[in-house]
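turn this into a model:
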Amino acid sequence: MTSLSNKHARIGAFVLETLTTGMYRNPLDALREYVQNAFDSIRAAERKGIIKSGAGRIRIRISEKDQTLALSDNGLGVSTADITTMIVNIGMSAKNLGTDAGFRGIGRLAGIAYCDKLVFRTQSAYEQDVSTITFDADALRKAMSPKNREIEDLSFVIEKHTSIAVEKVRKKEHFFEVSMEGINSSGKSFLSVREVRNYLEQVAPLPLDTQSFHYSKEFYNWVESADVELPEVSVIIETNENSSYELFKPYKKITYTTAQNKYKVHVNGIKFFPPNATRNSPFWIWYAETNCPGIIGDDSVAGLRLRKSNIAIGLSERMTDVFRLVSESYARFNRYFMGEVHIQDTSVIPNAHRDDFEETPEWVAIRDQLIQFAKDRSKEAYSLSDGRNADIEKLLLTADKQLNEFDKRQRTGFASKSEQENFTCTINKQISKLEAAEKADRPENDRKRIVNKKRELLKAQEKISKEVTFAAKNLKSSLDKKQRKVISEILELLYHVLDETTFEKARNAILNKYQIQKN
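Residues are numbered from 1 along each chain as shown. You can find the predicted model right below:
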């Protein structure tokens with residue numbers, strides 16, 4: 001057998017296409033890679049004490065006039081000794097899988113598909129050299145085109161179309177900047193502030209807007225008390241019109257509308273799962289408590305989203321897949337909700353596309369728990385739907401019948417413990433239906449009627465638990481203890497074997513004969 005120990009495997013330039021355009025389904029995913037790398041550099045600078053916690057900044061400058069997008073950060077920067085390894089070499093990364101969001105070492109070349117030149121400038125916190133690496137992206141695209149008859153070696157092509165320059169500077173700084181110059185038609189979305197902003201608000205590790213999101217204080221109080229992982233960074237977009245925007249996650253309102261029929265979606269609060277989550281939990285979830293009238297019409301918030309290191313893994317479609325694993329018909333319910341699933345387990349690894357996770361045992365175990373969570377949320381949506389669709393008059397009439405029955409039981413007592421428990425269960429179900437109906441869009445007068453009727457049922461529920469009496473305790477004094485026990489057992493037996501109407505007739509006949517009559 002021939003040994004390869006003295007030979008070098010050659011990789012064709014065509015592979016570069018797979019690592020750029022072939023890696024990402026959305027051109028803006030390339031921007032996510034640059035944000036991710038900047039985020040890792042900022043967190044490393046915080047760990048080393050070079051910048052204070054929370055002082056990291058990512059700035060994105062968009063110039064439609066110059067057809068350029070530049071992204072810079074105030075993280076560690078890269079030293080001149082490491083610049084070739086960090087930027088030019090492909091698939092080689094010194095990042096830590098446990099602490100860094102990126103780790104494969106391929107995302108930095110993502111922009112090659114969308115511009116004429118891809119330029120990296122950086123200065124390390126420990127030196128006064130500024131290094132610049134320029135990739136001739138246009139030439140690289142031509143070299144990796146399948147139209148070429150001759151396949152060139154990938155390393156040769158990169159060296160041929162890449163230049164490195166180092167200059168001494170007086171000012172000691174630490175930064176890293178990537179510029180996409182001469183953005184082409186395939187990358188036109190990089191020049192749209194609206195598209196870039198909408199994308200990053202959903203994907204980047206941003207904070208909630210404490211000025212506009214009503215429940216942000218409650219959210220951050222819980223995060224602090226639970227001590228869960230929630231790394232964040234400030235991202236600012238600047239334009240050549242001298243405008244700047246600080247970005248926040250898109251959860252900013254407490255009222256939305258549904259995708260169809262335009263029903264109102266009211267955010268009534270936020271919930272956390274598991275409620276006792278800690279930094280050692282494999283995951284934690286926050287989600288908005290709403291009236292669930294249908295699919296939320298705002299695509300930027302509709303659906304629970306998976307996140308790792310607070311960076312989105314896909315958008316809502318990944319959790320929609322989890323709901324689908326409960327039942328195909330339940331898939332739609334994900335977009336009835338809004339919130340985030342934060343994966344903390346360091347053994348759970350995003351795939352190369354960063355739109356799902358590798359099928360590791362750790363991810364499978366988490367997914368199984370998420371399936372149960374999705375099942376519970378789907379039942380919740382169904383329950384709320386029942387309440388919304390219920391006819392108000394019918395709902396209130398049923399509640400009145402139960403209240404009349406409660407009044408009767410106060411006079412006669414329950415036949416048995418089983419009857420008491422079943423009656424309590426019936427009232428609980430009716431209260432749940434009224435609560436669901438209360439959350440739906442209804443005239444204020446109807447809402448008040450529902451609230452009042454629910455209050456009456458809650459009072460009845462409380463009395464049943466505290467003041468319950470049984471029919472056998474009100475029997476005539478002429479009956480001895482043994483006779484009272486026999487009547488009690490007969491009532492219990494009849495309750496379990498007769499239908500409701502026949503049982504009522506039998507019970508009334510027995511009580512009319514043996515029970516003390518109350519005025």
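
count of neighbours near D73?
27 (other CB atoms under 10 Å). (Each C-beta comes from the backbone N, C-alpha and C, glycine too.)

which residues touch the spatially closest residue to it that is not a sequence neighbour?
Nearest residue to D73 in three dimensions, chain neighbours excluded: A38, at 3.6 Å (CB to CB, 6 or more residues apart in numbering). A38 makes contact with 58, 71-73, 75, 176, 233 under the criterion CB atoms under 8 Å, 6 or more residues apart in numbering.

swap in 7 Å and give it another go.
By CB atoms under 7 Å, 6 or more residues apart in numbering, the contact list for A38 reads 58, 71, 73, 75, 176.

dig out what the residue lying closest to the last one once chain neighbours are set aside forms beta bridges with.
In other words, F176. Counting by CB to CB, 6+ apart, F176 lies nearest to T122, which is 4.5 Å off, once chain neighbours are set aside. As for beta bridges, T122 partners with S131, F176 under DSSP bridges.

contacts only, for T122.
77-78, 83, 131, 175-177 are the contacts of T122 under CB under 7 Å, 6+ apart.

what's the closest of those residues to L28?
Distance to L28 across the contacts of T122 (CB to CB) is lowest for E177, with 18.6 Å.

ok, the residue nearest to the closest one when sequence neighbours are not counted - contacts?
Excluding the flanking residues, the one nearest E177 by CB to CB, 6+ apart is S72, at 3.9 Å. By CB under 7 Å, 6+ apart, the contact set of S72 is 59, 175-177.

and the pLDDT at S72?
For S72, the pLDDT comes out at 97.

swap in I450?
I450 is given a pLDDT of 89.

is it in a helix, a strand, or coil?
Classification of I450 by DSSP: H, G, I helix; E, B strand; the rest coil places it in helix.

now for the closest residue to it other than its chain neighbours, how many residues are close by?
Nearest non-adjacent residue to I450, counting by CB to CB, 6+ apart: E438, 4.9 Å away. Neighbourhood size, E438 [other CB under 10 Å]: 19.

now name the helix or strand holding E438.
Applying DSSP states H and E as the criterion places E438 in helix 417-439.

tell me what that helix is packed against?
helix 361-389, helix 392-412, helix 444-467, helix 481-497 (3 or more CB pairs under 7 Å, 6 or more residues apart in numbering; DSSP states H and E).

domain-wise, how is this protein divided?
14-191, 214-370, 390-469, 470-519 (automatic domain parsing).

now distance to A204 too, for those domains, in JSON lines please.
What follows is the domains of the chain, written out as JSON lines (distance: least, CB to CB, whole Å):
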{"stretch": "domain 14-191", "distance to A204": "5"}
{"stretch": "domain 214-370", "distance to A204": "6"}
{"stretch": "domain 390-469", "distance to A204": "33"}
{"stretch": "domain 470-519", "distance to A204": "59"}
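
by mean pLDDT, show me the worst of those domains.
Looking at those, the weakest mean confidence is domain 470-519, a mean of 70.

identify all contacting residues around stretch 213-225.
With CB under 7 Å, 6+ apart as the test, stretch 213-225 has contacts from 208-210, 230, 251-252, 254, 269-270, 272, 286.

hang on, the earlier thing: quick one: strands adjacent to the one helix or strand the residue nearest to E177 maps to?
Element membership of S72, judged by DSSP H and E, is strand 68-73. The pairing partners recorded for strand 68-73 under DSSP bridges are strand 57-63 (antiparallel), strand 175-183 (antiparallel).

the helices in this protein, which residues?
For the chain, helices defined by DSSP state H occupy the ranges 14-19, 29-47, 83, 137-143, 154-160, 193-203, 216-226, 317-326, 361-389, 392-412, 417-439, 444-467, 481-497, 500-514.

return the most buried member of these.
helix 29-47 (a mean of 23; mean count of other CB atoms under 10 Å).

run the angle between it and strand 68-73 for me.
Between helix 29-47 and strand 68-73, the angle comes out at 20 degrees (axes from the mean of the first three to the mean of the last three CA atoms, to 10 degrees).

just to revisit the earlier point, give the next helix or strand downstream of the strand holding S72.
helix 83.

first to last residue in stretch 68-82, what's the distance?
26 Å (CA to CA, to the nearest Å).

what comes up buried for that stretch?
By neighbour count on 16 or more other CB atoms under 10 Å, the buried set for stretch 68-82 is 68-79.

mind putting those residues into JSON lines with distance to E380?
Output for the buried residues of stretch 68-82, formatted as JSON lines (distance: CB to CB, whole Å):
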{"residue": "T68", "distance to E380": "48"}
{"residue": "L69", "distance to E380": "42"}
{"residue": "A70", "distance to E380": "46"}
{"residue": "L71", "distance to E380": "41"}
{"residue": "S72", "distance to E380": "45"}
{"residue": "D73", "distance to E380": "41"}
{"residue": "N74", "distance to E380": "44"}
{"residue": "G75", "distance to E380": "42"}
{"residue": "L76", "distance to E380": "45"}
{"residue": "G77", "distance to E380": "49"}
{"residue": "V78", "distance to E380": "49"}
{"residue": "S79", "distance to E380": "53"}
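
hmm, back to that, turn the helices of the chain into a markdown table, including distance to H353.
Listed next are those as a markdown table, based on distance: least, CB to CB, whole Å:
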| stretch | distance to H353 |
| --- | --- |
| helix 14-19 | 12 |
| helix 29-47 | 8 |
| helix 83 | 27 |
| helix 137-143 | 21 |
| helix 154-160 | 21 |
| helix 193-203 | 13 |
| helix 216-226 | 29 |
| helix 317-326 | 11 |
| helix 361-389 | 15 |
| helix 392-412 | 48 |
| helix 417-439 | 38 |
| helix 444-467 | 47 |
| helix 481-497 | 59 |
| helix 500-514 | 59 |
